[in-house]
Every structure is written in structure tokens, then in C-alpha cells.
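In: the sequence isn't on hand, but the structure is:
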């Protein structure tokens, strides 16, 4: 079993409130979950209205497949029209028994 973990930091330059941040987050998380069947949640920066830190996970029998899925999710977020700027992306594949 392989667990793919991605930590993604985004900036919302046009956002001016926590309410606006929640709307953008809801759109991103819903579309990513529906399209890629991964777990995704805000894991840090909850009180900051222009920064978002997302945690994304995927479980697979292949490390290569887990990495591919997470790469596709990151590309989707980056290329979709969410009005976000990607600041940082860390991907780790954990091999479990």
C-alpha cells in the first residue's frame, strides 16, 4: 500500500474576506474530490484570508500511480480558473505495510 501526500500552499490575491476564501475553497475541494477521488482539506492558515494550505491524500497499490494522481490534481488546480497563485507544493509517497 502506498499513500501519496501533497501539501499545497496557495495565495488568493483578489480575496478580501474569510467568506470569499471559503467560497474559493469550497469550489476547489468539491471539484477536486469529484474529479480525482482524493481526500482534500484545508490544513493550515485558517485565519488568513489570502493564504490557503491544502492537504491532499491518495491511497494506491502503486507509488507511481499515487504520484501521477497527485500531479494531476496539482496541475488541475494550477490551470483551472480559481484565481489562485501557487506558492509551494510538496509531494511525499509513504510506503505502508
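Out: Cool, got the structure. Keep in mind it's a predicted model, so treat the numbers as computed, not measured.
In: strands of this structure, residue ranges please.
Out: 2-11, 39-44, 51-60, 85-95 (DSSP state E).
In: in a markdown table: those, plus mean neighbour count.
Out: Placement of C-beta: from N, CA and C, glycine included. Output for the strands of the chain, formatted as a markdown table (neighbours: other CB atoms under 10 Å):
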| stretch | mean neighbour count |
| --- | --- |
| strand 2-11 | 19 |
| strand 39-44 | 15 |
| strand 51-60 | 19 |
| strand 85-95 | 13 |
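In: check contacts around the closest residue to residue 66 other than its chain neighbours.
Out: Spatial nearest neighbour of residue 66, excluding adjacent residues (CB to CB, 6 or more residues apart in numbering): residue 4 at 3.3 Å. Residue 4 is in contact with 57-60, 63, 66-67, 69-70, 91-94, counting by CB atoms under 8 Å, 6 or more residues apart in numbering.
In: switch the cut-off to 7 Å
Out: Contact analysis of residue 4 by CB atoms under 7 Å, 6 or more residues apart in numbering lists 57, 58, 60, 66, 67, 69, 70, 91, 93.
In: from those, pick the one nearest residue 49.
Out: If you rank the contacts of residue 4 by distance to residue 49 using CB to CB, residue 57 comes first, at 25.2 Å.
In: wait, the closest one touches residue 36, no?
Out: No: the criterion here is CB atoms under 7 Å, and residue 57 misses it with residue 36 at 11.0 Å.
In: and for these two, which residues touch both?
Out: In contact with both residue 57 and residue 36: no residue, using CB under 7 Å, 6+ apart.
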